[in-house]
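Enquirer: Provided below are the primary sequence and the corresponding predicted coordinates.
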Amino acid sequence: AYADLVNPKANANDPGNRGTLTDWWTHNGFSNTGGDGGLQGNEYARTSFMNNNDLGSGRDMHFLRRGDGTVSGVEIAGTERIETDAVVCNIDLPVAYRTVLGGLERPRAARRGKFSPSCLLWVAGVRGRPPADAAHHNIHFGQQWDEAFKALIGRGVRMPDPSILVSLHSLDDPALAPDGCSTLYALEPVPNLDGRLDWSQVRERFADDLRSRVASLGYPTDVVTERVYDPLDWQAMGMERGTPFGLAHTFFQTGPFRPNNVDRRVPGLAFTGSSTLPGVGVPMVLVSGKLAAERIDAYAAETAILRW
């Protein structure tokens, strides 16, 4: 699993944890719920959904709460109010506590926890087709495996011989690119903002290195359009420590030790995303959405407040 690259310390030092995560992905992974995400009709008409796009837009927002602490809505920029009976919050959990839940003490892991490495991401539309043996997802491992972990986690610097992921979405969906062209998604794990790198200084050099590495592997790199994302970009999108991978999967931040997706002090609020249960990775984040829906359903049954 690619999480071995973005959570290398946890997986290298704790084989049991690695096995647990693999079990999650292989036995409790995601299934296709259809284009509507499984929500039917007006089932969640009285539930507000907040995500990092709301926070990253720079608008000042916070939750409205009744005297007993229950959620009653969302206020945006001090003027716009959205009344609701429940809120599903996809803002990164540590950021949510510090911003929209200002005044509430964050869970211990969100205050003093260890965060996953971040990533440098290059996405591009390019002229040309990928190598004949390329798959949708392609992991290209570096040779200095142990030294990579020491650099990334221990010293907070770039891996000396980076492992990278190259995904080719247009390979399976040709409609994503014009004839004779391809989409590229190239990702290199890098330290989060707790590391020792000044991204305002190294961004362009590292991005050029990543482009060159992708080209050396035989992928087309004649760029038509492109974007690069580094930890400062992830931070601007509302990601704690500038990492899109949330709290690291160390033993005491996994399973029951991870911040819960509900907080008894704020009835009617449910969290979803990578820093709550069950954890990091597309399958588990999708599971977190299902768990959040179940928490809202339970809240509705217990309180008879929600009207659907």
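Expert: Great, that's in hand. Given the structure is predicted, the values throughout are model-derived calculations rather than measurements.
Enquirer: Low-confidence regions, this structure specifically.
Expert: Applying pLDDT under 70 to the chain flags residues 1-59, 305-308.
Enquirer: where along it do the helices fall?
Expert: Taking DSSP state H, the helices of the chain run over residues 3-6, 8-13, 15-27, 52-56, 93-98, 108-112, 145-149, 169-172, 199-216, 231-236, 282-303.
Enquirer: what's the closest of these to Ala132?
Expert: Counting by CB to CB, Ala132 lies closest to helix 169-172 out of the helices of the chain; the figure is 10.9 Å. All C-beta spots, glycine's among them, are computed from the backbone N, C-alpha and C.
Enquirer: quick revisit: dump the helices of the chain into CSV; add mean neighbour count and distance to Pro259 as well.
Expert: As requested, these are exported to CSV (neighbours: other CB atoms under 10 Å; distance: least, CB to CB, whole Å):
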stretch, mean neighbour count, distance to Pro259
helix 3-6, 22, 18
helix 8-13, 19, 16
helix 15-27, 14, 17
helix 52-56, 18, 16
helix 93-98, 23, 6
helix 108-112, 15, 5
helix 145-149, 15, 25
helix 169-172, 16, 32
helix 199-216, 15, 27
helix 231-236, 19, 19
helix 282-303, 18, 11
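Enquirer: between those helices, which one is nearest to Asp133?
Expert: So among the helices of the chain, helix 169-172 is nearest, using CB to CB, at 11.4 Å.
Enquirer: Can I get that closest one as CSV, trimmed to CA atoms?
Expert: The C-alpha trace of helix 169-172 is given here as CSV (Å, rounded to 0.1, in the frame of the first residue of the first chain):
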residue,chain,number,x,y,z
HIS,A,169,-6.2,8.5,-14.8
SER,A,170,-6.6,8.9,-18.6
LEU,A,171,-5.3,5.4,-19.1
ASP,A,172,-8.6,4.0,-17.9
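Enquirer: For stretch 254-263, list every residue counted as buried.
Expert: Neighbour-count burial for stretch 254-263, counted by 16 or more other CB atoms under 10 Å, picks out Thr254, Arg258, Pro259, Asn261, Val262, Asp263.
Enquirer: now the end-to-end length of that stretch.
Expert: End-to-end span of stretch 254-263 (CA to CA, to the nearest Å): 17 Å.
Enquirer: Just put the helices of the chain in JSON lines and tack on distance to Leu120.
Expert: Output for those, formatted as JSON lines (distance: least, CB to CB, whole Å):
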{"stretch": "helix 3-6", "distance to Leu120": "12"}
{"stretch": "helix 8-13", "distance to Leu120": "16"}
{"stretch": "helix 15-27", "distance to Leu120": "23"}
{"stretch": "helix 52-56", "distance to Leu120": "19"}
{"stretch": "helix 93-98", "distance to Leu120": "21"}
{"stretch": "helix 108-112", "distance to Leu120": "25"}
{"stretch": "helix 145-149", "distance to Leu120": "14"}
{"stretch": "helix 169-172", "distance to Leu120": "19"}
{"stretch": "helix 199-216", "distance to Leu120": "6"}
{"stretch": "helix 231-236", "distance to Leu120": "8"}
{"stretch": "helix 282-303", "distance to Leu120": "19"}
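Enquirer: Show me the one of these that comes nearest Arg158.
Expert: Across the helices of the chain, Arg158 has its closest neighbour in helix 199-216 (6.8 Å, CB to CB).
Enquirer: Show me what the closest one is in contact with.
Expert: With contacts defined as CB atoms under 8 Å, 6 or more residues apart in numbering, helix 199-216 is touched by 120, 122, 140, 158, 162, 164, 166, 184, 186, 188, 190, 221, 228, 230-232.
Enquirer: Ranking by neighbours, what's the top pick from those residues?
Expert: With neighbours taken as other CB atoms under 10 Å, the top of those is Val190, carrying 27 neighbours.
Enquirer: Which strand residues bridge the residue lying closest to it once chain neighbours are set aside?
Expert: Residue nearest to Val190 in three dimensions, not counting chain neighbours: Leu120, with 5.0 Å by CB to CB, 6 or more residues apart in numbering. Taking DSSP bridges as the rule, Leu120 bridges to Glu188.
Enquirer: Against Ala96, how distant is Arg65?
Expert: 14 Å (CB to CB, to the nearest Å).
Enquirer: From the contacts of helix 199-216, pick the one nearest Val74.
Expert: Nearest to Val74, judged by CB to CB, of those is Leu232 at 27.2 Å.
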